[in-house]
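Visitor: the sequence and its predicted three-dimensional model are supplied below.
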2 protein chains.
Amino acid sequence: MSEPLLNSVDERDPASAEAPRPAGSLHEGLLVALRDFIVEGNLADGVRVPERALCERFNISRTPLREALKVLAAEGLIELLPNRGARVRELSPEDVRELFDVMGGLEALAGRLACEQISEAEFAEIERVHHEMYRFYLRRDMHGYFRCNQEIHQLIVAAAGNAALAATYAGLAGRIRRVRYSANLAKDRDRWGEAMREHEAILDALRRRAGSELSDILFLHLRNKRKAAQASA
Amino acid sequence: MSEPLLNSVDERDPASAEAPRPAGSLHEGLLVALRDFIVEGNLADGVRVPERALCERFNISRTPLREALKVLAAEGLIELLPNRGARVRELSPEDVRELFDVMGGLEALAGRLACEQISEAEFAEIERVHHEMYRFYLRRDMHGYFRCNQEIHQLIVAAAGNAALAATYAGLAGRIRRVRYSANLAKDRDRWGEAMREHEAILDALRRRAGSELSDILFLHLRNKRKAAQASA
DNA sequence: CTTTAAAAAAATGAATGCAAAATGTTCGGC
DNA sequence: GCCGAACATTTTGCATTCATTTTTTTAAAG
């Protein structure tokens, strides 16, 4: 077995390896490619990742690869054991709990800031997606619901107009991306309805520009999401 | 001029360069040393930083240095221009505003979480430092006041019992460390008194384990702190 | 047959080398 | 004297190489 690390990527297709490297410096493109590669689950959890294999996978030498690994380690996506290489960081239930709470705190902040300066157009867009999500809810279309749900939260963060917040949020979102979708609402119809009601409250508070209130609702909404995710895990 | 980059560090004393590199891998120690080096303001803002100079400064080759630079760039402390080296990232007033708000959001979260699970011992410790701070306030000892103030906020974050939160908070704190102390309360006696009252409210809400309320107070407290910092700038 | 110790192989951490890009300098033209 | 182009120097980006540590293989002893 020459490629024990690669699960789903077709090695015979070089496009998938070289396409996500646009221009700029090799390092930057590689960083994005490697991050996606890891987030998409191409590396098994906790398994040691030899640098050589990744070098061959991305057709680069070890120097830029190691630079990228250091950055990803700083981001918390992988961990670097001294003299023992890198491994994808496994998220314990405790880690997930913590990350969800921090995401909740950041969304609470986003809601508060959004109330201060959201434009009518931005609010209208959120409202539109909200109603679209509601239609998915009525049709019990979980996939569509999820997409809208994600988009709403993303729009709220964007409406906060704070690049530092958006960057921090994106960093955490990347770390829990793999477990995030495990909040299987289909298994828990009550929770789904509850989530929908929470979203109604979110929209309502945002409409009234009630910052503190929206902040509370968003945090608790994430907290409930976390509980649902952990219950189904 | 052989060392145009170094402002205040005495080149003849090698201890300051090599002491902060404990054991472990060279990279990790270097990362800490470099971060401190930058945060302490040894590199002028916006000035281009040749790798060679830093290599000589820390007595290492370019490879680990470049790895460290990539990490620091990911942290937002410096920025890497393609083929043009690194420069210390200048924080615009807008950047500072954003970072303060995110810190406020994280402290708000910390307060909320602390209310959920702070121990009596932890609360007692915060209360103790609070009273110590109050004594500094009465004596108009700004230095002592600041130290206690920092410690209280740090204790609240610690009491949240969330490592991910603490790490995120620490990352942001490092980025604004240089401007944080510019909130010169001595110039604004009213603001100082107001801050002290806010701290009373913080302690009170924490005592009552009033999460949402404490969350609000902490965010607004940081917001006011930011305004004071920007007014004095 | 299991366990352990030594040696071989491989992987990591760091230094050096090399090509490309950027910066600085000099020389020529106006 | 000022501006612009060609050249030299410096610096960056990446590959390669070297040394050390770790892992695996191998073999021998119990």
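Guide: Sure, I can see it. Numbering: from 1, shown residues only, chains lettered A, B, ... in the order given.

Visitor: flag every buried residue along the lengthiest helix in chain A.
Guide: Ranked by residue count, the top helix of chain A under DSSP state H comes out as helix A:93-117. For helix A:93-117, a neighbour-count test (16 or more other CB atoms under 10 Å in any protein chain shown) marks A:95-115 as buried. (Each C-beta comes from the backbone N, C-alpha and C, glycine too.)

Visitor: and it, how far from the chain's centre?
Guide: Computed by CA atoms, centre = their mean, to the nearest Å, the separation of helix A:93-117 from the middle of its chain amounts to 13 Å.

Visitor: what helices and strands are in contact with the host helix or strand of A:Ala74?
Guide: Per DSSP states H and E: A:Ala74 is located in helix A:62-75. Here helix A:62-75 touches helix A:26-39, helix A:51-58, strand A:78-81, strand A:85-88, helix A:163-180, helix B:62-75, going by 3 or more CB pairs under 8 Å, 6 or more residues apart in numbering or on different chains; DSSP states H and E.

Visitor: near DNA strand C, anything from that helix?
Guide: Yes - using CB under 7 Å from any atom of the strand, helix A:62-75 reaches DNA strand C at A:62-63, A:66.

Visitor: before we move on, the earlier item: between the longest helix of chain A and helix B:93-117, how many degrees?
Guide: Here the directions of helix A:93-117 and helix B:93-117 differ by 130 degrees (axes from the mean of the first three to the mean of the last three CA atoms, to 10 degrees).

Visitor: returning to what we had before: tell me the one among the residues of helix A:62-75 next to DNA strand C nearest to A:Glu198.
Guide: A:Arg66 (44.2 Å; CB to CB).

Visitor: check contacts around the closest one.
Guide: Residues in contact with A:Arg66 (CB atoms under 8 Å, 6 or more residues apart in numbering or on different chains) are A:51, B:67.

Visitor: and it, how far from A:Ala33?
Guide: Using CB to CB, to the nearest Å, we find A:Arg66 at a distance of 15 Å from A:Ala33.

Visitor: quick revisit: let me know which of the helices and strands packed on helix A:62-75 is tucked in deepest.
Guide: helix B:62-75 (a mean of 21; mean count of other CB atoms under 10 Å in any protein chain shown).

Visitor: any bit of that one sitting next to DNA strand D?
Guide: Yes - for helix B:62-75, a contact with DNA strand D is found by CB under 7 Å from any atom of the strand, at B:62-63, B:66.

Visitor: isn't A:Leu203 right up against A:His130?
Guide: Yes - in this structure A:Leu203 lies within contact range of A:His130 using CB atoms under 8 Å: 5.3 Å.

Visitor: please state the offset of stretch A:147-165 from the chain centre?
Guide: Using CA atoms, centre = their mean, the offset of stretch A:147-165 from its chain centre is 12 Å.

Visitor: alpha carbons of that stretch, as CSV, please.
Guide: These are the backbone C-alpha positions of stretch A:147-165, laid out as CSV (Å, rounded to 0.1, in the frame of the first residue of the first chain):
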residue,chain,number,x,y,z
ARG,A,147,-27.8,25.1,4.1
CYS,A,148,-30.1,28.0,5.0
ASN,A,149,-29.3,27.7,8.7
GLN,A,150,-25.5,28.0,8.0
GLU,A,151,-26.1,30.9,5.7
ILE,A,152,-28.2,32.8,8.2
HIS,A,153,-25.5,32.4,10.9
GLN,A,154,-22.9,33.4,8.4
LEU,A,155,-24.9,36.5,7.3
ILE,A,156,-25.3,37.6,10.9
VAL,A,157,-21.5,37.3,11.4
ALA,A,158,-21.0,39.3,8.2
ALA,A,159,-23.5,41.9,9.3
ALA,A,160,-21.5,42.5,12.4
GLY,A,161,-19.0,44.2,10.1
ASN,A,162,-16.0,43.1,12.1
ALA,A,163,-13.2,41.4,10.2
ALA,A,164,-11.4,40.2,13.3
LEU,A,165,-14.6,38.6,14.5
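
Visitor: is it anywhere near chain B?
Guide: Yes - for a cut-off given as CB under 8 Å from any CB of the partner chain, stretch A:147-165 has contacts with chain B, namely A:162-165.

Visitor: closest one of the residues you listed to DNA strand C?
Guide: Closest approach between the residues of stretch A:147-165 next to chain B and DNA strand C, by CB to the nearest atom of the strand: A:Ala163, at 25.4 Å.

Visitor: quick check: the closest one vs B:Arg97, distance?
Guide: 11 Å.

Visitor: hang on, the earlier thing: okay if I get the helices and strands packed on helix A:62-75 as JSON lines plus distance to A:Ala229 and mean pLDDT?
Guide: Output for those, formatted as JSON lines (distance: least, CB to CB, whole Å; pLDDT from 0 to 100):
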{"stretch": "helix A:26-39", "distance to A:Ala229": "17", "mean pLDDT": "88"}
{"stretch": "helix A:51-58", "distance to A:Ala229": "30", "mean pLDDT": "94"}
{"stretch": "strand A:78-81", "distance to A:Ala229": "22", "mean pLDDT": "93"}
{"stretch": "strand A:85-88", "distance to A:Ala229": "19", "mean pLDDT": "93"}
{"stretch": "helix A:163-180", "distance to A:Ala229": "7", "mean pLDDT": "90"}
{"stretch": "helix B:62-75", "distance to A:Ala229": "27", "mean pLDDT": "96"}
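
Visitor: could you chop chain A up by domain?
Guide: A:15-88, A:93-232 (automatic domain parsing).

Visitor: weakest of those domains by average pLDDT?
Guide: Note on the domains of chain A: domain A:15-88 shows the lowest mean pLDDT, a mean of 85.

Visitor: how far off centre is that one?
Guide: 18 Å.

Visitor: spell out which parts of chain A neighbour DNA strand C.
Guide: A:48-52, A:62-63, A:66, A:80, A:82-86.

Visitor: what's the most distant pair in the residues you listed?
Guide: Largest separation among those by CB to CB: A:Arg48 and A:Thr63, giving 20.2 Å.

Visitor: quick check, A:Asp204 in a helix?
Guide: Yes - A:Asp204 sits within a helix when classified using DSSP: H, G, I helix; E, B strand; the rest coil.

Visitor: for it, give me its contacts.
Guide: Per CB under 8 Å, 6+ apart, neighbours of A:Asp204: none.

Visitor: can you check A:Asp190 too?
Guide: Neighbours of A:Asp190 in contact, by CB under 8 Å, 6+ apart: none.

Visitor: host element of it?
Guide: helix A:189-207.

Visitor: go through the helix or strand just after that helix and flag the buried ones.
Guide: Using DSSP H and E, the helix or strand that directly follows helix A:189-207 along the chain is helix A:211-232. Within helix A:211-232, the residues scored as buried using 16+ other CB under 10 Å are A:211-222, A:224-226, A:228-229.
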